[in-house]
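Novice: Fold the stuff below for me.
(one chain, ligands or ions: 1)
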Amino acid sequence: MESSRTTGNGAEGSRSFTTSAKVIVDNSRFVAGGVNSNFRLGMAPGPLVFERGEGAYLHDVDGNRLIDYYCGMGAIVLGHNPPSIIDAVKEQLEKGWMYAGQTELEYEAARLVCERIPSAERLRFGSSGSEVAQAAMRLARAATGRRTIVKFEGHYHGWFDNILWSAAPALNAAGPESEPVAVSASEGQPQEDSEGLSILPWNNLPALEARVAKGDVAAVIMEPAMCNQGAIAPSEGYLAGAKAICEKHGTILVFDEVITGFRLGSGGAQERFDVTPDLSIFAKGIANGFQVAAIVGKGDLMDMFATGGVLHGGTYNAQAISMAATVAVQKALTPEHYTETSARGVRLREGIIEALSDAGIVAQVVGFPLMFHVGFGLEEPARNYRDIARADKAGYVRFCVELLNRGVRVLERGAWFVSAAHDDDVIDRTLEVVREAAKATAPHIGKA
Ligand SMILES: Cc1ncc(COP(=O)(O)O)c(C=O)c1O
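Specialist: Numbering: from 1, shown residues only. Reported below is the predicted structural model:
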């Protein structure tokens, strides 16, 4: 990889990212668009190229040290490169990693996850959230003999053709709020793939009841707190109501905890909101960024993978290095981790609210201690996708660039992920930067 080095750490507000830009352009002849996931395009001022991570920091090829709130799109719960994970992975590296057979490690990892997650009587490991979402839909269809999957507008369950609908649709294409139409997110998705779905507005129990009562719904899949768009908690009684509706009509309730798992609390959103679904899926934080995912749930359902003719496969599933990482991460996610890290997350969130208000920026900063969302221009907390879609995205992206230029990297879609490595000094420094960036952004808000 070419990189003409520059010193990026100039005066505040003037970091340079030109080496990243050049490396991306130069390497676009080998890698389409210079990135290996479309979700890494569209960043401001452009996709970055990194050399290493260290605790709460990332070091890029321009020589910038950035406080990182991307946290691997939510996967980094313990910080970058925690020594305990490095040691566990190194130990397993010496012993090999692909046996096409079982290891004691994967059983230990399974036990630790099952002991933590309320709905997890049994599990199967996979390698990505997208894959285990597919496994959940297949299992639900096999168990019920029905085809339709209810999915909610603004919720994301992976990039495969049969579910990548209405994840973040343009409002002018999305139909009426009470009856959203299925909007594809990619060229090349066959329209008929949407026929297996019914798209509903989230946080709306009457709409769910009316649809599920038709009796043809295999599964209702949802992010139990909506975290791909916003960081929106379920309304009081919504999750319990959804569970009751599903039970009444023989429909399987699936929680997609790929983001909320290991982040909203030790047992995920299902523990935080005290509602146990039939099936749930996890990824991201389960192994602090190693390629591990899991589908967990009721024993009788999960056993259909073993004896009910439901196929679940994957060469890389439960690969030994990933399992070593999973065991080490699960052991590190102690009650103290949640108490201490959450306290700092709350302090950060409150500090951001104060800084934005002092700068005269109208915003909603809502969510959870270890994952919250900043929505510029919103007068009220969002309840669903339609609300969040009305936020001032251009103003927020400008704020992100002001933050980045001062050494703080946050997602342009408004999410902030906090890890165990974001200690008090990091939070203090972040809040200084937030205050400066807010002041620099405020004069431009509302201007094209
Ligand atoms: C809620 C949710 N489900 C599923 C996925 C897909 O996971 P993966 O990117 O590991 O395929 C994501 C990814 O961001 C997610 O946030």
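
Novice: Pull up the residues of the stretch 251-400 of the chain that are close to the ligand.
Specialist: 256, 258-259, 283 (C-beta under 6 Å from any ligand atom). For glycine as for every other residue, the C-beta is placed from the backbone atoms N, C-alpha and C.

Novice: Burial check on whichever residue of the stretch 201-350 of the chain sits closest to the ligand, number of neighbours?
Specialist: Nearest residue of the stretch 201-350 of the chain to the ligand (C-beta to the nearest ligand atom) works out as residue 258 at 3.4 Å. Residues lying near residue 258 (other C-beta atoms under 10 Å) number 30.

Novice: and it, what pLDDT?
Specialist: Looking at residue 258, its pLDDT reads 98.

Novice: What strand or helix carries it?
Specialist: Assigned by DSSP states H and E, residue 258 falls within no helix or strand.

Novice: show me what contacts it?
Specialist: The contact partners of residue 258, by C-beta atoms under 8 Å, 6 or more residues apart in numbering, come to 74, 129, 133, 157, 223, 281-284, 293.

Novice: Mind checking which of those residues are in helices?
Specialist: 129, 133 (DSSP state H).

Novice: Check this structure for the residue nearest the ligand and tell me.
Specialist: For the chain, C-beta to the nearest ligand atom, closest residue to the ligand: residue 129, 2.3 Å.

Novice: Was I right to think that residue contacts residue 159?
Specialist: No - the pair residue 129 and residue 159 does not pass the contact test of C-beta atoms under 8 Å, sitting 9.6 Å apart.

Novice: Just the CA trace of the longest helix along the chain, in PDB.
Specialist: In terms of residue count, the longest helix belonging to the chain (DSSP H) is helix 335-358. Output of helix 335-358 as PDB, limited to C-alpha atoms (Å, rounded to 0.1, in the frame of the first residue of the first chain):
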ATOM      1  CA  PRO A 335     -21.400  -6.600  35.900                       C
ATOM      2  CA  GLU A 336     -18.700  -4.000  36.800                       C
ATOM      3  CA  HIS A 337     -18.000  -3.400  33.100                       C
ATOM      4  CA  TYR A 338     -21.600  -2.400  32.600                       C
ATOM      5  CA  THR A 339     -21.800  -0.200  35.700                       C
ATOM      6  CA  GLU A 340     -18.600   1.600  35.100                       C
ATOM      7  CA  THR A 341     -18.800   2.000  31.300                       C
ATOM      8  CA  SER A 342     -22.400   3.000  31.400                       C
ATOM      9  CA  ALA A 343     -21.700   5.800  34.000                       C
ATOM     10  CA  ARG A 344     -19.200   7.300  31.500                       C
ATOM     11  CA  GLY A 345     -21.600   6.900  28.600                       C
ATOM     12  CA  VAL A 346     -24.300   8.800  30.500                       C
ATOM     13  CA  ARG A 347     -21.800  11.600  31.300                       C
ATOM     14  CA  LEU A 348     -20.800  11.800  27.700                       C
ATOM     15  CA  ARG A 349     -24.400  12.000  26.500                       C
ATOM     16  CA  GLU A 350     -25.400  14.600  29.100                       C
ATOM     17  CA  GLY A 351     -22.300  16.700  28.100                       C
ATOM     18  CA  ILE A 352     -23.200  16.600  24.500                       C
ATOM     19  CA  ILE A 353     -26.800  17.700  25.300                       C
ATOM     20  CA  GLU A 354     -25.400  20.700  27.200                       C
ATOM     21  CA  ALA A 355     -22.800  21.600  24.600                       C
ATOM     22  CA  LEU A 356     -25.300  21.600  21.800                       C
ATOM     23  CA  SER A 357     -27.800  23.600  23.800                       C
ATOM     24  CA  ASP A 358     -25.100  26.200  24.700                       C
END
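
Novice: in it, what counts as buried?
Specialist: Along helix 335-358, these residues count as buried under the neighbour rule (16 or more other C-beta atoms under 10 Å): 337-338, 341-342, 344-345, 347-349, 351-353, 355-356.

Novice: if we can go back for a sec, derive a PyMOL selection command for the buried subset of the residues of the stretch 251-400 of the chain next to the ligand.
Specialist: In PyMOL syntax, the buried subset of these is picked out as below (16+ other C-beta under 10 Å):
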select buried, resi 256+258+259+283
